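**Q** This is the structure alone, sequence omitted:
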């Protein structure tokens, strides 16, 4: 008989959760979130260093041989869920879930040795520049051309919606190269390139976005020198896996945000008195809270299972990533919307935190592709 598989968390993983929660309660209260989202950088460098040096969060999924801790995706899910609860303003998703994963899936040992250690110790903020003007997250959406000249590779073009692109020291750029038959530049396969944040010809422009707790930027490349990561024209398979892994991490973060919306809704329903009774005693509010609870718990199951699949490096990865991202996006957005409704007029005000979760929920819904995109991708991967 095969050994039963447990999807629960170990005591070590639960202690990681408690440690991260204590840290975030201390370093990321809502007053700090509001202060950082109003700033240009969007994060606190001292807190970022503490995350790396005290908790080792940036190196969590990076193997020990490259300067990390060598943990897996279940531990990352724990961290992302807690960060989602606190709306942490830090370039963690971009550096770890996007950039570090892209390097790890590339299997380029030289690049991993050169870059992963600095990501793990917090000295490098990294990101992945993938989408362009169309906002597409598929292979066809990559059109920025890369050209091999006498002095190496150069990039020309624009990347949009690059998370933490305005502050990243290391930018991994998805681009197209000329095909093997000598076609025009940009007509061939997808490659991944590394670009220094202060490289010549790179212009970075912060974007005015709905969710200022997660900064985005427009990047323009003009004959910008770049380093090829992995094999030329063969990056799409590992970039596709990177996006799947990032979607699972984002799903865990969405669960944390949705849980916080549910908790604050229930707490307010217990204490808000209307017509001499707590509003939680009214049937309409009960139904809203019950529906939120069902969706949040279902989203948690989807995110946890997807994280287990990622940790196991199972063939199911592409399927469960689509399912988790689609369901958790819907659940978070619904919970954030209902949180505002349950709070009534105060929930619409700038002073209340409900709108911050609503904005994060909406932008997270679109990040890496909206639920409709992931359901269509799921159908394609299932051969439907």
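**A** That came through fine. All values derive from a computational prediction rather than experimental measurement.
**Q** how many neighbours does the nearest residue to residue 154 once chain neighbours are set aside have?
**A** Once flanking residues are discounted, residue 154 sits nearest to residue 223: 4.8 Å by CB to CB, 6 or more residues apart in numbering. No exception for glycine: its C-beta is placed from N, CA and C like everyone else's. Number of residues near residue 223 (other CB atoms under 10 Å) recorded here: 12.
**Q** Buried residues in whichever strand or helix holds residue 223, which are they?
**A** Using DSSP states H and E, the element containing residue 223 is strand 216-229. Residues of strand 216-229 classed as buried by neighbour count (16 or more other CB atoms under 10 Å): 216, 217, 218, 219, 221, 224, 225, 226, 227, 228, 229.
**Q** likewise stretch 232-240?
**A** In stretch 232-240, counting by 16+ other CB under 10 Å, buried: 232, 233, 235, 236, 238, 239, 240.
**Q** what residues does it touch?
**A** 102, 105-107, 130, 139, 174, 177, 179-180, 188-192, 229-230, 318 (CB atoms under 8 Å, 6 or more residues apart in numbering).
**Q** do the same with stretch 256-263
**A** So stretch 256-263 is in contact with 80-87, 289, 292-293, 295-296, 299-300, 328, 331-332, 335-336, 338-339, 354, 357, 360-361, 364, going by CB under 8 Å, 6+ apart.
**Q** From those residues, list the buried ones, please.
**A** 80-87, 289, 292, 295-296, 299-300, 328, 331-332, 335-336, 338-339, 354, 357, 360-361, 364.
**Q** Narrow those to those in helices?
**A** Counted as lying in helices by DSSP state H, out of the buried ones among the contacts of stretch 256-263, are 80-86, 289, 292, 295-296, 299-300, 328, 331-332, 335-336, 338-339, 354, 357, 360-361, 364.
**Q** Mind picking the two most distant members of the buried residues of strand 216-229?
**A** Using CB to CB, those reach their maximum pairwise distance at 216 and 228, which is 25.6 Å.
**Q** can you pull out the helices in the chain?
**A** 11-27, 30-37, 45-50, 73-86, 92, 101-106, 109-120, 236-271, 283-312, 317-343, 354-366, 371-382.
**Q** CSV for the ones you listed, including mean pLDDT?
**A** Output for those, formatted as CSV (pLDDT from 0 to 100):
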stretch, mean pLDDT
helix 11-27, 95
helix 30-37, 96
helix 45-50, 96
helix 73-86, 97
helix 92, 98
helix 101-106, 98
helix 109-120, 98
helix 236-271, 95
helix 283-312, 94
helix 317-343, 96
helix 354-366, 96
helix 371-382, 96
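**Q** Perfect, that will be all.
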